[in-house]
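Colleague: Here is the input, now give the coordinates:
(one chain, ligands or ions: 1)
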Amino acid sequence: MSKIGYLGPKGTFTNIAVSQAFPNNELEPFSTIPSCMDAVKHEEIQYAVLPWENAIEGSVNLTIDYLVNQKLTIVGEIIVPIRQHLMVHPQNRDCWESFEAVYSHSHAISQCHQYLYKHLPHIEFSYKSSTSAAAKHVKENPEQRIAAIGNELAASEYGLDIIKHDIHDFDNNHTRFVILSKQATDLEVKDSNYLGDRTTLMITLPTDHYGALHQVLSAFAWRKLNLSKIESRPMKTGLGNYFFIIDIEMKYDQVLIPGAITEIEALGCKVTTLGSYPYYGK
Ligand SMILES: O=C(O)C(=O)Cc1ccccc1
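Modeller: Modelled structure (predicted):
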């Protein structure tokens, strides 16, 4: 049976995603995104499930930036609805309005900025590696006047009381979680709705070719390949140097996508296929 790693500790949104996709497998929490990817690379686990993009806050840069230097493939994606709740140690449930700090993952705090600004304007933000790491911290420090933002699973896992439900600023809040593997395998995810297929490419443009991005996009456009995302990330080699992450709403085929890649490479671009995979949601 495959062993699946995920960003832990128990009670993260990633935990919800991995339990949905792999209900009968052995699950192993990792405390950071890179350590979870490394475990797949070293074959200690077969798959890693990691956050990729949130509808309110955007991409999870650490996952993208660490993935592009690994020889790992995206073999599937799970889309999970996200509801953020404010939770406290049960001993402190009556004095939460005078709290000093709120702990969570930076994405979770960003998803609740309007709520926090309006209802807890003086509260400090303290960042943790995940929402459940924040919940665990609140549980372990009852003497501190602190709260956490996370989901119901984290509240029950760490025995916290939810004092405000649904504090995220926008209702249509979903996160994409990617399933990473060392080999490109056909993965079947049970108990979730199959929603479609995607192919994710990483493209680096030549520095001396003016208009290269326009030509890259044209290679997709005239083939009527539907792009659902284009995002630039810094190469970390200096200001103005970027690579692009592009999602095509289609499974890798034998004609259109290889044709577009050949055309783009002829412009002097470097193209890496990060994966071609089905995506699922509830
Ligand atoms: O903190 C969590 O609960 C996670 O699962 C990590 C995460 C990070 C960014 C967006 C969504 C989930």
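
Colleague: got the residues of the stretch 1-150 of the chain near the ligand?
Modeller: Within the stretch 1-150 of the chain, the positions near the ligand by C-beta under 6 Å from any ligand atom are L7, T12, F13, T14, P51, N54, V60, H105, H107, S130, T131, S132. From N, CA and C alone the C-beta is placed, and that goes for glycine too.

Colleague: got a list of contacts for the helix or strand hosting the fourth one?
Modeller: So that's T14. Secondary structure assigned from DSSP states H and E places T14 in helix 13-21. Taking C-beta atoms under 8 Å, 6 or more residues apart in numbering as the criterion, the residues outside helix 13-21 that touch it are 4, 6-8, 27, 29, 49-51, 76, 78, 80, 82, 130-132, 151, 153, 175, 177, 179, 189-192, 280, 282.

Colleague: Among those residues, which lie within strands?
Modeller: Secondary structure assignment by DSSP state E places 4, 6-7, 27, 29, 49-51, 76, 78, 80, 175, 177, 179, 280 of the contacts of helix 13-21 in strands.

Colleague: low-confidence ranges in the protein?
Modeller: Along the chain, the parts satisfying pLDDT under 70 run over 191.

Colleague: Could you pull out the helices in it for me?
Modeller: Taking DSSP state H to define them, one finds helices in the chain at 13-21, 33-41, 61-67, 106-111, 113-119, 131-140, 152-157, 212-221, 256-266.

Colleague: CSV please, covering these and showing mean neighbour count.
Modeller: Below are the helices of the chain laid out as CSV (neighbours: other C-beta atoms under 10 Å):
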stretch, mean neighbour count
helix 13-21, 24
helix 33-41, 19
helix 61-67, 19
helix 106-111, 21
helix 113-119, 13
helix 131-140, 24
helix 152-157, 19
helix 212-221, 16
helix 256-266, 16
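
Colleague: which among the contacts of helix 13-21 end up buried?
Modeller: 4, 6-8, 27, 29, 49-51, 76, 78, 80, 82, 130-132, 151, 153, 175, 177, 179, 189, 192, 280 (16 or more other C-beta atoms under 10 Å).

Colleague: Which residue, other than its chain neighbours, is closest to H137?
Modeller: Distance criterion C-beta to C-beta, 6 or more residues apart in numbering; nearest residue to H137, sequence neighbours excluded, is Y103 at 5.5 Å.

Colleague: Hmm, the one you found is touching K139, no?
Modeller: No - between Y103 and K139 there is no contact under C-beta atoms under 8 Å: 10.8 Å.

Colleague: Overlap of the contact sets of those two?
Modeller: Contacts common to Y103 and K139, judged by C-beta under 8 Å, 6+ apart, are absent.

Colleague: dump the residue contacts of Y277.
Modeller: By C-beta under 8 Å, 6+ apart, Y277 lies in contact with I74, V75, G76, E77, I179, L187, D197, R198, T199, T200.

Colleague: give me that answer again for 6 Å
Modeller: Under the criterion of C-beta atoms under 6 Å, 6 or more residues apart in numbering, the contact list for Y277 reads I74, V75, G76, E77.

Colleague: what about the first one, distance to I162?
Modeller: Translated: I74. Distance of I74 to I162, given as C-beta to C-beta, to the nearest Å: 33 Å.

Colleague: Please apply the same query to V102.
Modeller: As for V102, its distance to I162 is 14 Å (criterion: C-beta to C-beta).

Colleague: out of those two, which sits in the busier spot?
Modeller: Comparing V102 with I162 by other C-beta atoms under 10 Å, the one with more neighbours is V102, at 25 against 18.

Colleague: and that one, bridged to which residues?
Modeller: Counting by DSSP bridges, V102 forms beta bridges with F125, A147.
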